[in-house]
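J.: Fold the following for me, if possible:
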Amino acid sequence: MNAGAAPAPRGRRAALLGMVALTLAALALRLTGIDFGLPVALEQDCKIPLQVELLESGEEHPEEDPEFRWYPLLVARLAALGPTKAEAAPGAPLERQLAAAARPHVIVRMTVALLAVLAVPGTFLLARAFLSPGWSLVAAAFVAFSLLGQSFAQQSRPHAPAAALFLLAVLAALRMRRRPSWGSYLLAGVAAALALGTLQSAVLLAPALAAAHLLREGPRRILDPKLALVLLPIALAVPAFYPFLQMGSGGDVLELGGHLIFLEQFNGRGFIALARALSSYEPVLLALAAAGALALALPRKRDGSRASAARRADLAVALAFALPYVAVFGLYERTYERFALPLVPYFACLAAYALARLAERIPVSSARRPLAATLLASLALALPAYACARLAWIRARPHTSEHAARWVAEHVNPEYDVLLFPPTLDLPIFRAPEGLAHGGRTAAELRHLPWARYQALHPERPEGARAWRLRWMPLEAGLAAIAADPARWLAGLGGDWAVIEVFAGNRVHPSGTRIREALRRRATRVARFSPDGQDDYSEHPLGYQDETSVPAPHFLRRVLQARGTGPVIEIYRLSGAHGG
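T.: The predicted model follows:
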């Protein structure tokens, strides 16, 4: 896997400067709109801000909280180094209080973005083992403009940082293979330990480390004392990042570091999930990577040089991570699109290789070949780059909850009217104190609704500011009644307006679907707010990931036409509403 004709600008120095520029561009894209949805809407599995909160609180046994054990603690410990707490002055304007409520989550997201962008230079270095500097720069560009990477690098989850740190661990393994010194073994161990501190699936780095050790340059001993320098940092990472570690199994369930793995679901359906995710987020990358893999598999004249043998050994180390990773998550049915993130750098290298081979066949003179190669690479990168810029733009635009809040401020009477909400929805407006109770819990306990929680902990409001009578629907307590007669159950709540998330056909929240159907029959819809440019494009949320309970729209296609983010929100007027 070696392609030498590099697109202009050529030369190692120019490529390195290009890598720095790509890294900065990727970081700028990931920081643009990074506060989308906050503080009223959180991503699924948003556990790192809670980890930071518990670490900063000084609680003696934070591991007793099951959500604290959800992920290892590296990202949380790094985020806790910054000023995550913020409290607006009593009576501060609404905008400042919203920003204070969002700040802990923004700091975590920024930490995630900073770690995740390391995948850009990491991909360049990985590609340099096989490609010229110019084509390595193209591989790095595919990662910089990865829509999948862009999407998850703006979330308070560790999967995008894990993808970057997994890659750095593979790079350290490659160095260990080429230069099997004591320092290289220690570096590989530290890199693997940091990867393990980010996500549990770093255990799949073990085959790459083993391959690097077995294929190293020079004399080879299986039981080399330098292996201790790999194992020691990994051993130290366990108490540092997994103080809650529990491992065990019961029946068909395996617990690994806070996550449950259902053994009966290793049925091969994960391959479909991975293919669907990559085709939805990265169709250009997927097509070019497939072409690159095909070109790599085609028989070529064997080069017996030492450099070629070294490249084959490096390829074996890289594949020792990538192939087992694909196999494990391809076999596992509960595989989600974020699990494809660690594979993006490898697909990027294959895509760059495909373009390099194609550029060799462009019928132009050797003097014009660099320009033709540059145009070819630019054409391949145009759509991914535009899609990432588009996603940053729509995430910087007002969330659908903001549009709904403005409508409420203009049309609802705060003194008399009661607004009913599903328990997963909040709006960036002040609640009257009686509207802070949520299913028997106070809003101070609501980790998934940080704005309501902030209001409960900081009840001071600006003098003369309006507070709306918002009330959450007790869906869990009313499941039987909703199933029997949703219209009657809804009427018994005594609301004047109903504000609902639309998610037609959602099997996760069927009660919400039944309530919406009842509202469409018995009430008057007065407003609808969609993230899409076409109002009826989809009734699927455009937020943090594709929901798996119903078929989701093609993510790239939806981003290209969207005008914002958030769920589709509808407002219905019930009998007795006064209006503003």
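J.: burial measure for Ala351, as a count.
T.: 31 (other CB atoms under 10 Å). Just so you know, the C-beta spots here come from the backbone N, C-alpha and C atoms, and that holds for glycine as well.
J.: got the contact list for it?
T.: Neighbouring residues of Ala351 by CB atoms under 8 Å, 6 or more residues apart in numbering: Val138, Ala139, Phe142, Val284, Leu285, Leu288, Ala289, Ala291, Gly292, Ala380.
J.: Just give me the closest of these to Cys349.
T.: Within the contacts of Ala351, distances to Cys349 taken as CB to CB reach their minimum at Ala139, with 4.9 Å.
J.: just checking, that closest one touches Leu131?
T.: Yes. Taking CB atoms under 8 Å as the definition, Ala139 is a contact partner of Leu131 at 6.7 Å.
J.: the more surrounded of those two?
T.: Counting neighbours by other CB under 10 Å for Ala139 and for Leu131 shows that Ala139 has the greater number, 30 against 24.
J.: Tell me the confidence at Leu214?
T.: Listed pLDDT for Leu214 reads 94.
J.: quick one, what contacts it?
T.: Arg220, Ile222.
J.: Look up how far Ala101 lies from it.
T.: With distances taken as CB to CB, to the nearest Å, Leu214 is found 52 Å from Ala101.
J.: Same check on Tyr336?
T.: For Tyr336 relative to Ala101 (CB to CB), the value is 28 Å.
J.: Of these two, which one has the most company?
T.: Per other CB under 10 Å, whichever of Tyr336 and Ala101 has more neighbours is Ala101, with 25 against 17.
J.: list the contacts for Met19?
T.: Contacts of Met19 (CB under 8 Å, 6+ apart): Val120, Pro121, Phe124, Leu137, Ala140.
J.: quick one: low-confidence parts of the chain?
T.: The model of the chain has pLDDT under 70 over residues 1-11, 84, 246-251, 255-259, 302-304, 438-444, 463, 504-508, 546-550, 576-580.
J.: Point to the residue nearest the middle of it.
T.: Centroid-nearest residue in the chain, with CA atoms, centre = their mean: Phe152, separated by 2.2 Å.
J.: roughly how far apart are the residue of the chain most remote from its centre and Ser184?
T.: What lies farthest from the middle of the chain is Ser365; by CA atoms, centre = their mean that is 44.2 Å. With distances taken as CB to CB, Ser365 is found 44 Å from Ser184.
J.: cool, Leu493 as well?
T.: As judged by CB to CB, Leu493 and Ser184 stand 65 Å apart.
J.: So which of those two has more stuff around it?
T.: Neighbours per residue (other CB under 10 Å) separate Leu493 from Ser184, with Ser184 holding more: 22 against 15.
J.: wait, that one sits on Ala173?
T.: No. Counting by CB under 8 Å, no contact exists between Ser184 and Ala173, whose distance comes to 9.2 Å.
J.: want to throw the contacts of Ala351 into CSV with distance to Ser530?
T.: Output for the contacts of Ala351, formatted as CSV (distance: CB to CB, whole Å):
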residue, distance to Ser530
Val138, 37
Ala139, 37
Phe142, 31
Val284, 27
Leu285, 29
Leu288, 33
Ala289, 33
Ala291, 37
Gly292, 38
Ala380, 32
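J.: mind listing which of these are in helices?
T.: If you go by DSSP state H, the contacts of Ala351 have Val138, Ala139, Phe142, Val284, Leu285, Leu288, Ala289, Ala291, Gly292, Ala380 in helices.
J.: In the stretch 51-200 of the chain, mark out all the strands, start to finish.
T.: Applying DSSP state E, counting those that start in this stretch to the stretch 51-200 of the chain gives no strands.
J.: just the helices in it please.
T.: 74-79, 94-116, 119-128, 133-144, 147-152, 159-178, 182-196 (DSSP state H, counting those that start in this stretch).
J.: right, so these: which one is the most enclosed?
T.: Mean neighbour count (mean count of other CB atoms under 10 Å) peaks for helix 133-144 among the helices of the stretch 51-200 of the chain, with a mean of 29.
J.: tell me which strands and helices it is in contact with?
T.: When contacts are defined as 3 or more CB pairs under 8 Å, 6 or more residues apart in numbering; DSSP states H and E, helix 133-144 packs onto helix 12-31, helix 119-128, helix 344-360, helix 369-396.
J.: give me that answer again for 6 Å
T.: On a contact count with 3 or more CB pairs under 6 Å, 6 or more residues apart in numbering; DSSP states H and E, helix 133-144 meets helix 12-31, helix 119-128, helix 344-360.
J.: okay, the angle between the second one and helix 344-360?
T.: Right, the one you point to is helix 119-128. 50 degrees (axes from the mean of the first three to the mean of the last three CA atoms, to 10 degrees).
J.: How far does helix 119-128 sit from its chain's centre?
T.: What separates the centre of helix 119-128 from the centre of its chain is 20 Å, taken as CA atoms, centre = their mean, to the nearest Å.
J.: i'd like the first residue to be 22 from this point on
T.: Will do, 22 is the new start, and the previous item becomes helix 140-149.
J.: hey, C-alpha coordinates of it in PDB?
T.: Extracted C-alpha coordinates of helix 140-149, given in PDB (Å, rounded to 0.1, in the frame of the first residue of the first chain):
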ATOM      1  CA  ALA A 140      -7.700  12.200  15.200                       C
ATOM      2  CA  VAL A 141      -6.700  14.600  12.300                       C
ATOM      3  CA  PRO A 142      -2.900  14.600  12.900                       C
ATOM      4  CA  GLY A 143      -3.200  11.000  14.000                       C
ATOM      5  CA  THR A 144      -4.600  10.000  10.700                       C
ATOM      6  CA  PHE A 145      -1.900  11.900   8.900                       C
ATOM      7  CA  LEU A 146       0.800  10.000  10.800                       C
ATOM      8  CA  LEU A 147      -1.000   6.700  10.200                       C
ATOM      9  CA  ALA A 148      -1.200   7.300   6.500                       C
ATOM     10  CA  ARG A 149       2.500   8.300   6.300                       C
END
